[in-house]
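J.: let's see this in three dimensions:
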Amino acid sequence: MATLTHGTWVLIADGEKALFLRNDLDEINPDLNVVRIEEQENPADSDQGTDKPGRMQDTGVQQMSSMQETDWHQLAKDRFADELAEMLYKYAHKNTFERIVLIAPPRVLGELRDKMHKEVSSRVVADMPKDLTNHPLDKVEKLLKSELDPTA
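T.: Residues are numbered from 1 along each chain as shown. Okay, the predicted model is just below:
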């Protein structure tokens, strides 16, 4: 069973914001403190794409089909997961953390895990498919305590 021991890092992320936290006490009384905040400006897709969807020639005479427009908003979220995975690798390579808990919505968590270096993935002690980026830290501490230690 994973616990939130002293020094364990917690990454709370979504596709646009990430909080790197460190537990400065123990699993009984978690005290999460911000190590780093990363934010990406990512406007809605409608604000980023201005072109009409492209068209391509079909097999029939004088027939055209429209092509799906690029989802720039989702593309930026995926790139943010790449950047987070790279940051985690740099921290792990410098031995800045030994243990980490990942908290992100399912899609972001999947992207992050796909991009993560084995040096980071070997340090992941738990993950939670939730969006907690806008929750106060005291609520995150209580949630983590209850999720990681069912006897709490």
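J.: what about residue 116, distance to residue 131?
T.: Look at residue 116 and residue 131: by C-beta to C-beta, to the nearest Å, they are 19 Å apart. From N, CA and C alone the C-beta is placed, and that goes for glycine too.
J.: of the two, give the one with the bigger neighbour count.
T.: The residue with more neighbours, out of residue 116 and residue 131, is residue 116; 21 against 16, by other C-beta atoms under 10 Å.
J.: thought residue 87 was touching the more buried one, still the case?
T.: No: Residue 116 is beyond contact range of residue 87, at 10.9 Å (criterion: C-beta atoms under 8 Å).
J.: quick one: residue 85 from residue 116, how far?
T.: Distance from residue 85 to residue 116, counting by C-beta to C-beta: 5 Å.
J.: any low-confidence regions in this structure?
T.: 1, 41-77, 150-152 (pLDDT under 70).
J.: can you show me the helices along it?
T.: Along the chain, counting by DSSP state H, helices occupy 45-48, 72-93, 106-115, 118-121, 137-148.
J.: now render the ones you listed as TSV, adding mean neighbour count and distance to residue 29.
T.: Compiled in TSV, the helices of the chain are given as follows (neighbours: other C-beta atoms under 10 Å; distance: least, C-beta to C-beta, whole Å):
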stretch	mean neighbour count	distance to residue 29
helix 45-48	12	43
helix 72-93	17	24
helix 106-115	17	27
helix 118-121	15	27
helix 137-148	16	9
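J.: quick one: closest of those to residue 38.
T.: Closest approach to residue 38 among the helices of the chain (C-beta to C-beta): helix 72-93, 7.1 Å.
J.: give me the angle between that closest one and helix 106-115.
T.: Orientation check (axes from the mean of the first three to the mean of the last three C-alpha atoms, to 10 degrees): helix 72-93 against helix 106-115 gives 50 degrees.
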